[in-house]
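# The amino acid sequence is not available; the structure is as follows:
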């Protein structure tokens, strides 16, 4: 007799698929609870970059609050690509949100004129922080809450400007890997061009995230999803990931824990805030 | 140092009813198929070398564990030479005139073999189509024993249906549950398979996920007098994910390559077994429960 043979399949090596309908519904409820129930704020203000993360956030906010309660702010710098502006426009057109374009060039250059030697990284950070200055001021003006747009991949890799992109008090997509954000974007009806274009921080001409990171989002998400479960580097390699990719991701994650925390405060008393004096965020 | 990986092969057999020698020959053919890439562990289903429904035929076919171990070891060596292996199989056991539905855990070395453990089925189904306790005695203890890859427990068929049995196995330290089974299929109101197959898998998945253990389920296949055994042998990881599953009605070898470090990862994110370890005495000493055997005042119900 010859027996049929079946085997354990090789690991899928991709970030877990998500149920996009359930995710969209859950995040819509989250936004209503955070803004309306908890804070009594009916409106959101979002920095709309022309990328998929802020587009998904805008779509979710429009679902949760209604499009006329969503202020989409475009904040281009002189070197921002025209495509980013037009892609942001496509989101506004698709949703019917309120919108405004506020150039940050003069404000950024107003400072950088005193720092002419600043390289691309510093200039990018100044732009990112200036956008938060604008967003929070618009928030005060419009009585609207800033809503964050950082995804889990960039948060885990530290691929963001600290106290800039991560600043808004509420973020619906921060626990979704980039590839999962793409899946959610397709479900929500985000314009196709935004979903398909190469993600970019758009701080320099021709910049792409994947070139900056040295790995594709598909591979990064697959490794991150298993690394976060507790797999060792050796196990990840045994499961089929390339050793250099595992090393790259591990190094980035380990080097950026601080970026996912509030500033470190010296503890001096037994009433130290968040050490002894502990209250939940919604208390 | 315990092995971090376990290569298991579940041999889903379709035994010829009552023809022990012929079934050994079939096992030899399965072993020969494994010889090129020998596994660490081979698992056969319940009653794999005789068929399950034997009624009084049990008394003709039951064997002392030592004799069954000798036959298994010889058959393995015939096919795979000096390769070492662990073998689990269900069999009807004759222990000096007391008969059990048992599972053997056998270690086969190049020149010697050792019976690591014999588990005697504790829950003998005797209702509806089942008639075990008319012919067999009940096992009295759930053994958890050491192997080269950590602690293991064997649960035979209905043993695994009582949630407290895998629970106790896990609390006693088992990291892998091996479940030899013979399940006559029934239920045609399911989705894409007999509903008894779904029920089995759901239950095993829950046990695996609750306790953070691997489960190796070996199901007998083939019809016995109109009752079709449902095969569907499978390996389930400590999060309750079915890694691989055989079809119901075909003799199949399920090769499961298990990373045992997954147990620690699963338990880190869901430490239920540690919680249970602490709370179990309180649960079991509840005065409303039947008291342990030997206590003076066993409550009547």
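Okay, I see it. Note that this is a predicted model, so its numbers are computed, not measured.
# which residue ranges form the helices in chain B?
Ranges of helices within chain B are B:20-34, B:58-61, B:65-80, B:132-135, B:164-171, B:195-211, B:261-269, B:272-284, based on DSSP state H.
# Actually, the stretch 1-150 of chain A.
Counting by DSSP state H, counting those that start in this stretch, the stretch 1-150 of chain A has helices at residues A:20-32, A:52-65, A:82-95, A:105-112, A:120-142.
# which ones are touching residue 46?
You didn't pick a chain, so chain A it is. A:54, A:57, A:58, A:61, A:70, A:71, A:72, A:73, A:146, A:147, A:149 (Cβ atoms under 8 Å, 6 or more residues apart in numbering or on different chains). Quick note: C-beta positions are derived from backbone N, CA and C, even for glycine.
# was after chain B, sorry
Neighbouring residues of residue B:46 by Cβ under 8 Å, 6+ apart: B:52, B:90, B:101, B:103, B:156, B:157, B:180, B:181, B:182, B:218, B:220.
# And residue B:256, by the same measure?
For residue B:256, the contact set (Cβ under 8 Å, 6+ apart) comprises A:7, A:8, B:7, B:8, B:9, B:10, B:216, B:235, B:243, B:244.
# Just name the shakiest helix or strand of chain A by mean pLDDT.
helix A:209-213 (a mean of 92; mean pLDDT, DSSP states H and E).
# So which bits of it are buried?
A:209, A:210, A:213 (16 or more other Cβ atoms under 10 Å in any protein chain shown).
# Among the residues you listed, which one lies nearest to chain B?
Set against chain B, the nearest of the buried residues of helix A:209-213 by Cβ to the nearest Cβ is residue A:213 (25.7 Å).
# does that closest one really touch residue A:157, like I thought?
Yes - with contact taken as Cβ atoms under 8 Å, residue A:213 and residue A:157 are classed as touching, separated by 6.4 Å.
# hang on, the earlier thing: could I get the buried residues of helix A:209-213 as TSV with distance to residue B:206?
Below are the buried residues of helix A:209-213 laid out as TSV (distance: Cβ to Cβ, whole Å):
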residue	distance to residue B:206
A:209	41
A:210	41
A:213	40
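# Would you mind naming what in the stretch 101-250 of chain B lies close to chain A?
B:235, B:243, B:244, B:245, B:246, B:247, B:250 (Cβ under 8 Å from any Cβ of the partner chain).
# quick one on the thing from earlier: quick check, nearest of the contacts of residue B:46 to chain A?
residue B:218 (12.8 Å).
# burial measure for that closest one, as a count.
The number of residues packed near residue B:218 is 31, by other Cβ atoms under 10 Å in any protein chain shown.
# before we move on, the earlier item: now the contacts of residue B:256: which count as buried?
For the contacts of residue B:256, buried by 16+ other Cβ under 10 Å: A:8, B:7, B:8, B:9, B:10, B:216, B:235, B:243, B:244.
# is it true that the second one touches residue B:260?
No - between residue B:7 and residue B:260 there is no contact, the gap being 11.0 Å when judged by Cβ under 8 Å.
# Let's see the pLDDT reported for the closest residue to residue B:209 other than its chain neighbours.
Ranked by Cβ to Cβ, 6 or more residues apart in numbering or on different chains and with sequence neighbours excluded, the top spatial neighbour of residue B:209 is residue B:240, at 3.1 Å. You'll see residue B:240 listed with a pLDDT of 97.
# pLDDT on stretch B:74-89, on average?
Computed over stretch B:74-89, the average pLDDT equals 97.
# Tell me how far that stretch lies from the chain's centre.
Distance of stretch B:74-89 from the chain centroid (Cα atoms, centre = their mean, to the nearest Å) equals 19 Å.
# model confidence over stretch B:268-276, on average?
The model assigns stretch B:268-276 a mean pLDDT of 90.
# For it, which residues meet the burial criterion?
So for stretch B:268-276, counting by 16+ other Cβ under 10 Å, buried means B:270, B:273, B:276.
# any chance of these in CSV, with distance to chain A too?
Below are the buried residues of stretch B:268-276 laid out as CSV (distance: Cβ to the nearest Cβ, whole Å):
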residue, distance to chain A
B:270, 11
B:273, 16
B:276, 21
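# How about the contacts made by residue 144?
No chain in the question, so chain A it is. Here residue A:144 is in contact with A:41, A:43, A:44, A:45, A:69, A:71, A:138 (Cβ under 8 Å, 6+ apart).
# Correction: the question concerned chain B.
Counting by Cβ under 8 Å, 6+ apart, residue B:144 makes contact with B:151, B:152, B:153, B:169, B:172, B:173, B:174.
# hmm, back to that, who are the packing partners of the least confident helix or strand of chain A?
Judged by 3 or more Cβ pairs under 8 Å, 6 or more residues apart in numbering or on different chains; DSSP states H and E, helix A:209-213 is in contact with helix A:217-227.
# Could you check how far the helix it packs on is from the centre of its chain?
On Cα atoms, centre = their mean, the centre of helix A:217-227 falls 16 Å from that of its chain.
# Output the contacting helices and strands for it.
The contact analysis (3+ Cβ pairs under 8 Å, 6+ apart) places helix A:217-227 against helix A:152-157, helix A:178-188, helix A:209-213, helix A:233-238, helix A:243-255.
# can I get these in JSON lines with distance to residue B:186?
Formatted as JSON lines, the helices and strands packed on helix A:217-227 follow (distance: least, Cβ to Cβ, whole Å):
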{"stretch": "helix A:152-157", "distance to residue B:186": "46"}
{"stretch": "helix A:178-188", "distance to residue B:186": "40"}
{"stretch": "helix A:209-213", "distance to residue B:186": "54"}
{"stretch": "helix A:233-238", "distance to residue B:186": "41"}
{"stretch": "helix A:243-255", "distance to residue B:186": "48"}
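# least reliable of those going by mean pLDDT?
helix A:209-213 - the lowest mean pLDDT of these, at a mean of 92.
# which stretches of chain B have low pLDDT?
B:291-301 (pLDDT under 70).
# Give me the most central residue, it.
Closest residue to the average C-alpha location of chain B: residue B:179 at 2.4 Å, with Cα atoms, centre = their mean.
# returning to what we had before: widest-spaced pair of the residues of the stretch 101-250 of chain B next to chain A?
B:243 and B:250 (18.7 Å; Cβ to Cβ).
# hang on, the earlier thing: right, and the residue nearest to residue B:209 touches residue B:206 too?
Yes - here residue B:240 reaches residue B:206: they are 6.7 Å apart, a contact under Cβ under 8 Å.
# and the two? which has more neighbours close in?
Neighbours per residue, other Cβ under 10 Å: of residue B:240 and residue B:206, the larger number sits with residue B:240, 21 against 14.
# check contacts around residue B:216.
With contact taken as Cβ under 8 Å, 6+ apart, residue B:216 is in contact with B:8, B:10, B:41, B:43, B:176, B:177, B:178, B:179, B:234, B:235, B:256.
# which of those lies closest to chain A?
residue B:256 (5.0 Å).
# Distance check, that closest one against residue B:76.
Counting by Cβ to Cβ, to the nearest Å, the gap from residue B:256 to residue B:76 is 19 Å.
# now swap in residue A:8 and tell me
In terms of Cβ to Cβ, residue A:8 sits 23 Å off from residue B:76.
# residues from the stretch 1-150 of chain A in reach of chain B?
A:1, A:2, A:3, A:4, A:5, A:6, A:7, A:8, A:9.
# got a markdown table for those residues, with pLDDT too?
Formatted as a markdown table, those follow (pLDDT from 0 to 100):
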| residue | pLDDT |
| --- | --- |
| A:1 | 88 |
| A:2 | 94 |
| A:3 | 96 |
| A:4 | 96 |
| A:5 | 97 |
| A:6 | 96 |
| A:7 | 96 |
| A:8 | 93 |
| A:9 | 91 |
